[in-house]
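For reference, the sequence and a predicted model appear below.
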Amino acid sequence: MAKIPIIIDTDTAQDDCVTILLGLLDPAADLRAITMVAGNVAFEQQVANAHLTLNVAGRLGQVPVFTGCRRPMLREWASAQDVHGDGSGGLSMDLADIEAPDEHAVNALLRLTAEASGELSIIAIGPLTNLATAVVMDRSFAGRVKRLYIMGGSNNGRGNITPSAEFNFYVDPDAAQIVLDAGFADVHMVPWAPLTLRDATIARADYDRLCAIGTPLARFFQRICDATIDYDESVGVDGSTHPDSLTLAVLLHPELVREEAPYRVDVETASELTRGMSTMAWEKFGLAPNARVVEAVDPAAFRTLLHDLLSIPTAPTRPIAGL
């Protein structure tokens, strides 16, 4: 099987960490770089969480972690720390000798896609600030990306940070609209509602079975996800939500997708009431589509994929306190 070369653009917490594990350990993936964008939790904590994830997979220092935009393009940063805590379940490790590359994440995105034009797929699972900045800096950037998979928005459904907006699009709606207007040739979108809530939410009993596998990865999974499943259940979501790992999973394993359709996707940037709301116009409206939106996946097959991932034996490169 030929591996798929990918870059993960992330605000590393909870399911972002699972996505990185999938990029590192799935036989179909060739993870070339991780680019960090402001989102879920404090920026330096996100960077630490990325290195923790590389470490638990036994790959510390083997994939570059580029630090990128530390705030949205035009807005103040909004966090999801009430949902994820610190995003790592309190795990920590010695980071004293780990330095980020000098190259800014946006410059890395421009360079890597120039060096392998038409070959790299980008998995964007945080706010789209880095990608939008790359578009503004170099209008040819979008044309060099083979495929762009975005976790963002809701398919004319409920939000998760406001009644109408999903978190990633809410944090930087201006960036999201720039990216959607940029002309990426092959855009796929994994929305929060209804898809994630229906097909990528792992009920408590299944979650407990994943956590009980007993590997370092399964223990890590439980530590990073416990705070989020507790929060989810407290607000009426029946389980642990995994939209980010689903986004990479459907690229690596397209057989997971049961339904997908073209839409014209736009993001509200002017109204504070509906800031970050995504409108997804289907073919009735006669608008040129700019994304294919995943509408249904095989939830059992997705759970099996996570089970197989967490069953992989790994040895952390250095001690992780609390694991």
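Okay, I see it.

which ones are touching the closest residue to Arg223 other than its chain neighbours?
Closest residue to Arg223 apart from its sequence neighbours, by C-beta to C-beta, 6 or more residues apart in numbering: Gly89 at 3.2 Å. Using the backbone N, CA and C atoms, a C-beta is placed for each residue, glycine as well. If a contact means C-beta atoms under 8 Å, 6 or more residues apart in numbering, then Gly89 has Gln222, Arg223, Ile224, Cys225, Asp226, Ala227, Gly322 as its contacts.

ok, those residues vs Gly23, which is closest?
Ile224 (15.5 Å; C-beta to C-beta).

remind me which residues of the stretch 1-150 of the chain are low pLDDT?
In the prediction, the stretch 1-150 of the chain carries no residues with pLDDT under 70.

Where do the strands of it begin and end?
Using DSSP state E, counting those that start in this stretch, the strands of the stretch 1-150 of the chain run over 4-10, 29-36, 65-67, 121-124, 147-151.

Including mean neighbour count and distance to Tyr207, could these go into JSON lines?
Output for those, formatted as JSON lines (neighbours: other C-beta atoms under 10 Å; distance: least, C-beta to C-beta, whole Å):
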{"stretch": "strand 4-10", "mean neighbour count": "25", "distance to Tyr207": "22"}
{"stretch": "strand 29-36", "mean neighbour count": "23", "distance to Tyr207": "24"}
{"stretch": "strand 65-67", "mean neighbour count": "24", "distance to Tyr207": "28"}
{"stretch": "strand 121-124", "mean neighbour count": "26", "distance to Tyr207": "23"}
{"stretch": "strand 147-151", "mean neighbour count": "24", "distance to Tyr207": "20"}
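
Select, out of those, the one closest to His84.
Checking the strands of the stretch 1-150 of the chain against His84 by C-beta to C-beta gives strand 4-10 as the closest, at 12.8 Å.

Out of the strands of the stretch 1-150 of the chain, which gets nearest to Thr241?
The nearest among the strands of the stretch 1-150 of the chain, by C-beta to C-beta, is strand 147-151 at 10.9 Å.

relative to strand 4-10, how tilted is that closest one?
Relative orientation of strand 147-151 and strand 4-10, computed by axes from the mean of the first three to the mean of the last three C-alpha atoms, to 10 degrees: 40 degrees.

and the helix or strand harbouring Ala175 with strand 147-151, angle?
Assessed by DSSP states H and E, Ala175 sits inside helix 173-180. Comparing the axes of helix 173-180 and strand 147-151 via the same axes, to 10 degrees yields an angle of 150 degrees.

which other residues reach helix 173-180?
Identification of contacts with helix 173-180 by C-beta under 8 Å, 6+ apart yields 72-75, 124, 127-129, 131-133, 135-136, 148, 150, 152-153, 165, 168-169, 187, 265-269, 275-276, 278, 290-291.

From the residues you listed, keep the buried residues only.
Among those, those classed as buried by 16 or more other C-beta atoms under 10 Å are 72-73, 75, 124, 127-129, 131-133, 135, 148, 150, 152-153, 165, 168-169, 187, 265-269, 275-276, 278, 290-291.

Check the secondary structure at Glu259 for me.
strand (DSSP: H, G, I helix; E, B strand; the rest coil).

Where do the helices of the stretch 101-250 of the chain begin and end?
Secondary structure of the stretch 101-250 of the chain (DSSP state H, counting those that start in this stretch): helices at 105-115, 129-137, 141-144, 167-171, 173-180, 197-199, 204-211, 216-234, 243-252.

With Leu310 as the reference, name the closest of those.
That would be helix 216-234 among the helices of the stretch 101-250 of the chain, by C-beta to C-beta, at 4.4 Å.

Show me what the closest one is packed up against.
helix 15-25, helix 43-56, helix 81-84, helix 204-211, strand 240-241, helix 299-310 (3 or more C-beta pairs under 8 Å, 6 or more residues apart in numbering; DSSP states H and E).

go with 6 Å
helix 81-84, strand 240-241, helix 299-310 (3 or more C-beta pairs under 6 Å, 6 or more residues apart in numbering; DSSP states H and E).

Redo those as CSV? Include distance to Ala205.
Formatted as CSV, the helices and strands packed on helix 216-234 follow (distance: least, C-beta to C-beta, whole Å):
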stretch, distance to Ala205
helix 81-84, 22
strand 240-241, 11
helix 299-310, 11
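
what about the residue nearest to Ile125 when sequence neighbours are not counted, neighbour count?
Nearest-residue entry for Ile125: Asp244, 4.1 Å, with adjacent residues in sequence omitted and distances by C-beta to C-beta, 6+ apart. Burial of Asp244 is recorded as 31 neighbouring residues (other C-beta atoms under 10 Å).

do the same with Thr304
12.

Using TSV, lay out the strands of the stretch 1-150 of the chain together with distance to Ala57.
As requested, the strands of the stretch 1-150 of the chain are arranged in TSV below (distance: least, C-beta to C-beta, whole Å):
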stretch	distance to Ala57
strand 4-10	13
strand 29-36	10
strand 65-67	13
strand 121-124	16
strand 147-151	21
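
Cool, thanks, signing off.
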